[in-house]
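Asker: sequence? don't have it. structure:
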């Protein structure tokens, strides 16, 4: 992977080891079983694709508040 992306994956909450990100993932996000399965699939995508994916926690809150879900 290009050196440009060296720190990018670590900033993604899905891959983050930061205790705050882990707390949010474990306590604040409300994923269905299907969404959890997709997250596992995303983790297995080639590294060259992963940097282009949005943060899963940001996407969930965007949809929740944009569409009043």
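Answerer: Here it is on my side, so go on. On a predicted model such as this, the values are computed, not experimentally measured, just so you know. Numbering: from 1, shown residues only.
Asker: Give me the mean pLDDT for stretch 35-53.
Answerer: Taken as a whole, stretch 35-53 has a mean pLDDT of 73.
Asker: In terms of helices and strands, where is residue 25?
Answerer: Residue 25 is part of helix 19-27, with elements assigned from DSSP states H and E.
Asker: just checking, next helix/strand downstream of that helix?
Answerer: Downstream of helix 19-27, the next assigned helix or strand under DSSP H and E is helix 33-43.
Asker: Return the list of helices and strands in contact with that next one.
Answerer: Secondary-structure packing of helix 33-43 (3 or more CB pairs under 8 Å, 6 or more residues apart in numbering; DSSP states H and E): no helix or strand packs against it. C-beta here means a position set from N, CA and C on the backbone, and glycine is covered the same way.
Asker: Give me the angle between that helix and helix 19-27.
Answerer: 140 degrees (axes from the mean of the first three to the mean of the last three CA atoms, to 10 degrees).
Asker: buried ones in helix 33-43?
Answerer: Residues of helix 33-43 include none that count as buried (16 or more other CB atoms under 10 Å).
Asker: what is the mean pLDDT for the helix holding residue 25?
Answerer: The pLDDT scores in helix 19-27 average 79.
Asker: That helix: which residues count as buried?
Answerer: Here helix 19-27 shows 21, 25 as buried, counting by 16+ other CB under 10 Å.
Asker: Mind giving me the packing neighbours of that helix?
Answerer: Counting by 3+ CB pairs under 8 Å, 6+ apart, helix 19-27 packs on helix 56-66.
Asker: average pLDDT across the helix it packs on?
Answerer: Mean pLDDT, computed over helix 56-66, is 63.
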